[in-house]
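# Just to be clear, the model below is a prediction. Sequence and coordinates:
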Amino acid sequence: MSKQFRKVSKVGSSLTVVIPREMAQRLNIRQGDMMEVSTDGMQLHIKPTNTLPENVDPRILESLGGAFSIYEETFKNLRDR
């Protein structure tokens, strides 16, 4: 297991920690992936999950997935503006 140190940053009213690129690649974590965040009171636990939040209908994600694959280049151009 590798160990790196990261500074906690503030984004809006939340705090963030950046996942190092090498770790994200090794764990196959990509932008937009859903993560489960929990604590045992002493440690923070973060792991990838396929579980959707209660208010997200999986059919919407399926529809969006099709649109993203068809218009991938358009979405990249919008992202990079």
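Received, thanks.
# Who are the packing partners of the helix or strand of the chain at the bottom of the mean pLDDT ranking?
Least confident helix or strand, the chain: helix 58-70 with a mean of 77, by mean pLDDT, DSSP states H and E. Contacting helix 58-70 under the criterion 3 or more CB pairs under 8 Å, 6 or more residues apart in numbering; DSSP states H and E is no other helix or strand. Using the backbone N, CA and C atoms, a C-beta is placed for each residue, glycine as well.
# Show residues contacting it.
The contact list for helix 58-70, computed with CB atoms under 8 Å, 6 or more residues apart in numbering, reads 52, 75.
# Beyond that helix, next helix or strand please.
helix 72-79 (DSSP states H and E).
# the inter-axis angle of that following helix versus helix 58-70?
100 degrees (axes from the mean of the first three to the mean of the last three CA atoms, to 10 degrees).
# Would you mind writing the CA trace of helix 72-79 as PDB?
Taking C-alpha atoms only, helix 72-79 is exported to PDB below (Å, rounded to 0.1, in the frame of the first residue of the first chain):
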ATOM      1  CA  GLU A  72     -18.900  12.400 -26.600                       C
ATOM      2  CA  GLU A  73     -16.900  15.000 -28.600                       C
ATOM      3  CA  THR A  74     -19.500  17.700 -28.100                       C
ATOM      4  CA  PHE A  75     -19.500  17.100 -24.300                       C
ATOM      5  CA  LYS A  76     -15.700  17.200 -24.200                       C
ATOM      6  CA  ASN A  77     -15.700  20.600 -26.100                       C
ATOM      7  CA  LEU A  78     -18.300  22.000 -23.600                       C
ATOM      8  CA  ARG A  79     -16.300  20.800 -20.700                       C
END
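# Return the distance of that helix from the chain's centre.
Put simply, helix 72-79 sits 18 Å off its chain's centre (CA atoms, centre = their mean, to the nearest Å).
# Now find how far off-centre the least confident helix or strand of the chain is within its chain.
The answer for helix 58-70 is 17 Å, by CA atoms, centre = their mean.
# show me the residues around the residue nearest to Leu27 when sequence neighbours are not counted that make contact.
The spatially closest residue to Leu27, leaving aside those adjacent along the chain, is Pro48, at 6.8 Å (CB to CB, 6 or more residues apart in numbering). By CB under 8 Å, 6+ apart, the residues touching Pro48 are 27-29, 33-36.
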